[in-house]
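Chemist: Below are the sequence and a predicted model for it; my questions follow.
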Amino acid sequence: MKKILLLTITVILSYSSAFAQMGYDPFVSEVRGDTLLVKDYYDMESQPNSLVNVIQSDTTDVPTGRVYELKRSGWYPLLNPVTNNGRPMTIAGQASKSIVQTKDANTDGYPAVISGMFVDADQKANGNIRYNDDATIKNVAISQTNTGGNLGWTFFVATAADKHLTLDGVMMESTKWVFAQSNPSTGSSFTVKNAYFVNMSGQPCRRNGGVWDNVNNNTVLMHVENSTHVMGSGMIYKMRGYPINRATFNHNTFVNISGQVFASMGHQSDLTVSNNLFVNTNVQAYVPGLDYAETDQDRLPHGIVNIDSVRYMDDSGIERLAIDSTWIRDNIGVEPSEFGPNNRHVLVTNNGVFWDEKLATIPTQLNEAGTTCPSDEGSSSCIEGNNTWVPQTITMNSRTKAMFDDNETYPYLQNNEWIEGGAPSFTDPAGLMTDAVDDLITWSVAAASVPSDPMAHWRATDNPWEAGQGFVFSDFPVLADLSYSNSQYLTASTDGQPLGDLNWFPAEKANFDQNRDQHYAKLRTALETGNAVGVNNERVDSDIPVSIKLNQNYPNPFNPSTTISFNLPITMEISLKVYDLLGREVATLINNEQYTAGLNNVTFDASNLASGMYIYELTSANLSITKKMSLIK
């Protein structure tokens, strides 16, 4: 018996390397053009790692458009990390409709599941994808747990610089930290669309339990649209002290989020927060200095949006920059000494917000209990003797609001309408607005110190996790129906559509997809000009920039066309050219032509180019500015 067991273990451990020499045939049930339909655990006769092995063995004449397709209702457990062999990678589950619109799992099937695997104490993994090139993951359910019930810290890890992770139509649940992070790598980009994130918790720490974090390096692009976030114990999108080259949060739904939705010291200079629906978010109470290493540097409570000056006085009375000088030169196109309020562009518009009255009991309970600021924590910087807890259920703190109100100093900070229309009246909240709020309050009070347990999960009573079994399957169809009937939100977006994730409103989502480019063009124009969405973007001469600015192209990544915009201080002769990474010129968009002062836009069509990273360069008589952009076909 021992010999048989040893043989089994040996086979599993050597599974990756043994088949890497045989090509992908053993792991594929069908080939359709560039697409490989990957066998799941049961097709492989109860062997894990088919997804790992098919990618590692796919090394000969790999087409640019390769897709690794996962079966509807298939299970793909991992004993080793998935990596993409230094080339762009697309993993796509079979799907006919969005995660939240599937109503019958028996008819439509369960999404393909990627998870960890538990064989025994020596053979277990929580599963993760470590991407060293661009990675796109679509239409799958992901659990960073294994069948033994062990929970991982994070699922997606960037292991190389300048790579882009796209999550489209994914469902993810449970984490000790966040679902994705790029800590080791510079220049990472992150796009989320049509996702459903639920029960973002698993570690008894008030900061943990979210989607994205960048601890050591700035993120180039953070774009989140039409996604739903339900029950989060910590900070959902952690910007920390980084400026983020471009951050956009548009048409998302957030329900019952204990920590900060956008945790930030307030250094953003290209931020759009629009058309979202915030329900019971930012509910943890605050005492001055709490989580100082990750949040507000003036020790103020952290609202949904937090913006601060990027200059401060040090202990010697010398003015300092709070962000990196190299970043300013590379991304703003000015010298750090010239960087000022006119370089700060933030658009906050047409967002809905609601807080349950019961949440007001959180700071009250802490003050009545005499709970003190946890000064022994490395992330906090408490003020001795100041232990009064205050709510963070606010859209903005006093400093942030004052900056938005100061149009003379900050002409490009816009805080337009917040729609406070009351409870959304969800079609079927499935306890989210009752019992789950009580769980949210219980956790948020405990999280003020050192909680003993993670935040309670919101699940069906017959879910395998609740039955004490190894959890890899989320509730599906999803428990709640977060479409709603509150008329104050139903037509309140910048396009007259419902606020929040439009996947709950299929007809409206189809309309959004059809007009997506125009929608974002309007938002971008408003951000860059400082005018309200849809208002004429002409500005008076005093708003002409004092130096040349080359903006990041949009969209980015793109296929096949994108818009490159730039600001000129005066009418001047310029050139705009595109190069590949070998320095070869691939396109001339402007060749020594006169362009007028102010904002200018040029469309770049890359239909004849291959996928990859490209460099675009704007040159004038005495200046050259370059930026990178990514073409994905």
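Modeler: Alright, I've got the coordinates.

Chemist: rest of the way, CA atoms for contacts and neighbours
Modeler: OK.

Chemist: shaky segments in the chain?
Modeler: For the chain, the stretches with pLDDT under 70 are 1-22, 105, 375-377, 464-471, 535-547, 622.

Chemist: Domain parsing of it, as residue ranges.
Modeler: Using automatic domain parsing, the domain parsing of the chain gives 312-337, 548-631.

Chemist: and the longest one, how far apart are its ends?
Modeler: Looking back up the chat, that one is domain 548-631. 25 Å (CA to CA, to the nearest Å).

Chemist: Make a markdown table out of the domains of the chain and add distance to Ala448 and mean neighbour count.
Modeler: Converted to a markdown table, the domains of the chain look like this (distance: least, CA to CA, whole Å; neighbours: other CA atoms under 10 Å):
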| stretch | distance to Ala448 | mean neighbour count |
| --- | --- | --- |
| domain 312-337 | 28 | 14 |
| domain 548-631 | 39 | 17 |
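
Chemist: who wins for proximity to Cys205 among those domains?
Modeler: Cys205 lies closest to domain 312-337 among the domains of the chain, at 27.1 Å (CA to CA).

Chemist: Tell me the gap between the closest one and the middle of its chain.
Modeler: Its chain's average C-alpha position is 26 Å from that of domain 312-337, according to CA atoms, centre = their mean, to the nearest Å.

Chemist: before we move on, the earlier item: how about the domains of the chain in CSV, adding distance to His519?
Modeler: Below are the domains of the chain laid out as CSV (distance: least, CA to CA, whole Å):
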stretch, distance to His519
domain 312-337, 24
domain 548-631, 12
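
Chemist: Among those domains, which comes closest to Ala360?
Modeler: Ala360 sits nearest to domain 312-337 of all those, at 33.3 Å, using CA to CA.

Chemist: picking up where we left off before, out of the domains of the chain, the one nearest Ala510 is which?
Modeler: Closest approach to Ala510 among these (CA to CA): domain 548-631, 19.3 Å.

Chemist: Show me the longest strand that occurs in this structure.
Modeler: In the chain, taking DSSP state E as the definition, the longest strand is strand 585-595.

Chemist: And the next helix or strand past it?
Modeler: Downstream of strand 585-595, the next assigned helix or strand under DSSP states H and E is strand 598-605.

Chemist: That next one - contacts with which helices or strands?
Modeler: Applying 3 or more CA pairs under 8 Å, 6 or more residues apart in numbering; DSSP states H and E, one finds that strand 598-605 contacts strand 561-568.

Chemist: Tell me the strands beside the next helix or strand after the strand it packs on, with direction?
Modeler: Going down the chain from strand 561-568, the next helix or strand is strand 572-580, by DSSP H and E. Counting by DSSP bridges, the strands paired with strand 572-580 are strand 585-595 (antiparallel), strand 612-619 (antiparallel).

Chemist: Dump these into CSV; add distance to Thr349 as well.
Modeler: Below are the strands paired with strand 572-580 laid out as CSV (distance: least, CA to CA, whole Å):
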stretch, distance to Thr349
strand 585-595, 31
strand 612-619, 31
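
Chemist: Ok, which of those strands comes nearest Arg344?
Modeler: Of all the strands paired with strand 572-580, strand 612-619 sits nearest to Arg344, with 21.3 Å by CA to CA.

Chemist: CA atoms of the helix or strand where Met231 lies as CSV?
Modeler: Element membership for Met231 (DSSP H and E) is strand 228-232. C-alpha atoms of strand 228-232 as CSV (Å, rounded to 0.1, in the frame of the first residue of the first chain):
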residue,chain,number,x,y,z
THR,A,228,-20.0,44.6,-8.5
HIS,A,229,-18.2,44.4,-5.1
VAL,A,230,-20.2,42.8,-2.2
MET,A,231,-19.1,42.3,1.4
GLY,A,232,-15.5,43.5,1.8
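
Chemist: Is it correct that Tyr131 is in contact with Pro81?
Modeler: No: between Tyr131 and Pro81 there is no contact under CA atoms under 8 Å: 9.5 Å.

Chemist: neighbour-wise, which of these two wins?
Modeler: Applying other CA atoms under 10 Å to Tyr131 and Pro81 shows that Tyr131 carries more neighbours, namely 26 against 19.

Chemist: any idea how far the more buried one lies from Asn150?
Modeler: 23 Å.

Chemist: Quick one, which of the strands paired with strand 572-580 gets closest to Val334.
Modeler: Nearest of the strands paired with strand 572-580 (CA to CA): strand 612-619, 13.7 Å.

Chemist: so that closest one versus strand 561-568, what angle?
Modeler: Calculated by axes from the mean of the first three to the mean of the last three CA atoms, to 10 degrees, strand 612-619 forms an angle of 30 degrees with strand 561-568.
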